[in-house]
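# Structure, please.
(one chain, ligands or ions: 1)
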Amino acid sequence: MTIGEFRRVDRHRPKTPRIAVIGAGIGGLGLAQGLARAGIDCEIFERDPAIDSRGQGYRLRIDATGQQALRECLPTALMSLFEQSCATAASGGRFLDTDLQPVASQMPGGRMPESWRDARARSTRPGDKIGDRAGDLRVHRQTLREILFCGLDRRVRFGKVFASAEAFLADDGRRRIRLGFTDGSSTRCDLIVAADGVNSAVRGNLLPVLQSRVQPVDTGTVCFFGRTHPHPGLTQPPADLLLDGSSVIFADGFTTIIDAMHFADQPDRLARHLLGGFAESCILSPAANYLYWAFIGPRATFGLRVDGVLPQEPSVIAELLRRRVRGWHPGLAAVFDATDLESLAVMPLRQAPLPSTWRTADRMALAGARTSGVTWLGDAIHAMSPAGGLGANTALADAADLSARLRDVARGETDLGVAISAYETEMLARAETALAASAAAASRLFGGRRSDGPGVD
Ligand SMILES: Cc1cc2nc3c(=O)[nH]c(=O)nc-3n(C[C@H](O)[C@H](O)[C@H](O)COP(=O)(O)OP(=O)(O)OC[C@H]3O[C@@H](n4cnc5c(N)ncnc54)[C@H](O)[C@@H]3O)c2cc1C
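Purely as a prediction, here's the structure:
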């Protein structure tokens, strides 16, 4: 019996469904925290062998939406730990050209994406309170993931790669889903939440009809990113300003973002201080200060062919970037000369089509999956270019929204199907706005190409 056929015979939904979340990324863990706060249990199945087994990038900007979602999902002590572990800065940020001269980028037609807000200017003195301004916070991605993992160690099953889902009728007459993993193991649940990211296997397996509408497409742009540890070459003016807050460098046809990740205290020490006895269940890795940087622009700007394979070898990436920053202010070029080779990565920027472009058949496919007990959040359903800094924030908003609706189901205030349907309506509206903003941000960042700019050889 397929999942689609199954929904026609099910008449007995449990009040509190047994929930299986596929993917312990930002969205999946956010959801699990929101559910735990509402007193609802869930199991999370993650393909990685451990929470820290793989680097997944360096800094994330968490905007007002993401901060509100975290506030709704996390217990107060963990929210406080998140805020205190974010990077500190004396100023909100600046917009510069490649000679380190200020650029008036916030004027109409300027190149600052609409979705960006100044980073919160926060004192670098330990113990000082965070300001009230609803600016973006900058968090080390691994620290955020570890905070989101706190207290969930018994709920996350690592090394479990989703393979299949099949509906069946249980002995008590209830419709259930059998989840299969690539290691041959299986489990049963009533609701699957696909939070398995941009290459979602759940999507490929359960939504083949919708796949072409949801599968992110290559935008032809790329993001190079990495980190540099502060070094003496960066202490002379004007380059020393790069060591504080966010710097956005508008270059010829692409944009470079540099974020100084300066931490007032070590995450593990903060956890001990803020969580007291609970710190034992919250293991945070140390985080040394660093400069996070990313180049975002069309492939051609970096001398890469549209249909070519992206370089993976760190020394090749480093050489490519070195050529691209030739002629830049020496203090700025020094950031990329002294970069941590191990940290270098390049990825294609992919973006899912807007939900408003879906056909009726696509919406019916989503509704069919929903009726069968499958729903979606984050990049699994609406992956977007990181240019707008919105993907993780939108995944967190999905997580907060879904956990609140499942709490209402557990309280008996609404039916599971009604709750998931309302969630998906809201989630798709949120995705529409964020996808459009990300696309607009990407094109703003690549604007302003000058004919006299340095070429790529
Ligand atoms: C360079 C870069 C910078 C970015 N900066 C920002 C930013 O500043 N602000 C922002 O809001 N967003 C940013 N983003 C986007 C953000 O990283 C994503 O949108 C966000 O991580 C999506 O969260 P998610 O939970 O949906 O997916 P993910 O965080 O990707 O988590 C998916 C999880 O599912 C697991 N998984 C995958 N397949 C399976 C399977 N078959 N079985 C079991 N588990 C599986 C993965 O291992 C992973 O743990 C950035 C992205 C990049 C690449």
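# Please, where are all the strands along the stretch 201-350 of the chain?
For the stretch 201-350 of the chain, the strands defined by DSSP state E, counting those that start in this stretch cover 217-228, 246-250, 255-261, 290-298, 345-351.
# so Gly388 touches Thr433, yeah?
No: contact criterion C-beta atoms under 8 Å: Gly388 and Thr433 do not qualify, at 10.4 Å. In this view, the C-beta of every residue, glycine as well, is placed from N, C-alpha and C.
# between those two, who's got more neighbours?
Gly388 (26 against 14; other C-beta atoms under 10 Å).
# circling back: nearest to the ligand, out of the strands of the stretch 201-350 of the chain?
strand 217-228 (4.8 Å; C-beta to the nearest ligand atom).
# list the contacts for whatever residue of the stretch 1-150 of the chain ends up closest to the ligand?
Going by C-beta to the nearest ligand atom, the ligand is nearest to Gly25 of the stretch 1-150 of the chain, at 1.8 Å. By C-beta atoms under 8 Å, 6 or more residues apart in numbering, the residues touching Gly25 are Gln56, Arg145, Ala195, Asp196, Gly197, Gly378, Asp379, Ala395.
# Pull out the buried members of the residues you listed.
Arg145, Ala195, Asp196, Gly197, Gly378, Asp379, Ala395 (16 or more other C-beta atoms under 10 Å).
# For the ligand, tell me which of those show up nearby.
Checking these against the ligand by C-beta under 6 Å from any ligand atom, the ones in range are Ala195, Asp196, Gly197, Gly378, Asp379, Ala395.
# What's the separation between the fifth one and Val209?
Relative to Val209, Asp379 is positioned 20 Å away (C-beta to C-beta, to the nearest Å).
# and the closest residue in space to Ala345 that isn't next to it in sequence, bridged to which residues?
Excluding the flanking residues, the one nearest Ala345 by C-beta to C-beta, 6 or more residues apart in numbering is Phe225, at 5.8 Å. Following DSSP bridges, Phe225 is listed with bridge partners Ala294, Ala345.
# In this structure Phe225 contacts Tyr58, no?
Yes: the pair Phe225 and Tyr58 qualifies as a contact (C-beta under 8 Å) at a distance of 7.0 Å.
# Return every residue with contacts to both of those two.
Tyr292, Ser343.
# The two: which has the busier surroundings?
Using other C-beta under 10 Å as the criterion, Phe225 and Tyr58 rank with Tyr58 on top: 23 against 20.
# longest helix of the chain?
Of all the elements of type helix in the chain, the one with the most residues (DSSP state H) is helix 416-445.
# Taking strand 217-228 as reference, get the angle to that one.
Relative orientation of helix 416-445 and strand 217-228, computed by axes from the mean of the first three to the mean of the last three C-alpha atoms, to 10 degrees: 70 degrees.
# when you give positions from now on, start the count at 59
Yes, from this point I'll number from 59; that puts the last item at helix 474-503.
# So which bits of the stretch 209-358 of the chain are right by the ligand?
Residues of the stretch 209-358 of the chain lying near the ligand (C-beta under 6 Å from any ligand atom): Val219, Phe220, Ala253, Asp254, Gly255, Ala259, Cys281, Phe283, Ala352.
# if I look at the fourth one, how far off is Val79?
Between Asp254 and Val79 the distance, using C-beta to C-beta, works out to 9 Å.
# So for these two, which residues contact both of them?
Shared contacts of Asp254 and Val79, counting by C-beta under 8 Å, 6+ apart, come down to Gly86.
# wait, what's in contact with the residue nearest to Val393 when sequence neighbours are not counted?
Leaving out its chain neighbours, the residue that sits closest to Val393 by C-beta to C-beta, 6+ apart is Thr286, at 5.3 Å. Applying C-beta under 8 Å, 6+ apart to Thr286 gives the contacts Tyr348, Leu349, Trp351, Val393, Phe394, Ala396, Thr397, Asp398.
# again, 6 Å this time
Leu349, Val393, Ala396, Thr397 (C-beta atoms under 6 Å, 6 or more residues apart in numbering).
# Make CSV out of the residues you listed and add pLDDT, distance to Arg152 and neighbour count.
Listed next are the contacts of Thr286 as CSV, based on pLDDT from 0 to 100; distance: C-beta to C-beta, whole Å; neighbours: other C-beta atoms under 10 Å:
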residue, pLDDT, distance to Arg152, neighbour count
Leu349, 95, 14, 26
Val393, 92, 15, 26
Ala396, 86, 21, 15
Thr397, 89, 21, 21
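# what about Ala458, which SS state?
helix (DSSP: H, G, I helix; E, B strand; the rest coil).
# pretty sure it contacts Glu130?
Yes: under the criterion of C-beta atoms under 6 Å, Ala458 makes contact with Glu130 at 4.2 Å.
# Output the below-cut-off pLDDT ranges for the stretch 359-508 of the chain.
505-508 (pLDDT under 70).
# Can you name the residue of the stretch 209-358 of the chain nearest the ligand?
For the stretch 209-358 of the chain, C-beta to the nearest ligand atom, closest residue to the ligand: Gly255, 3.1 Å.
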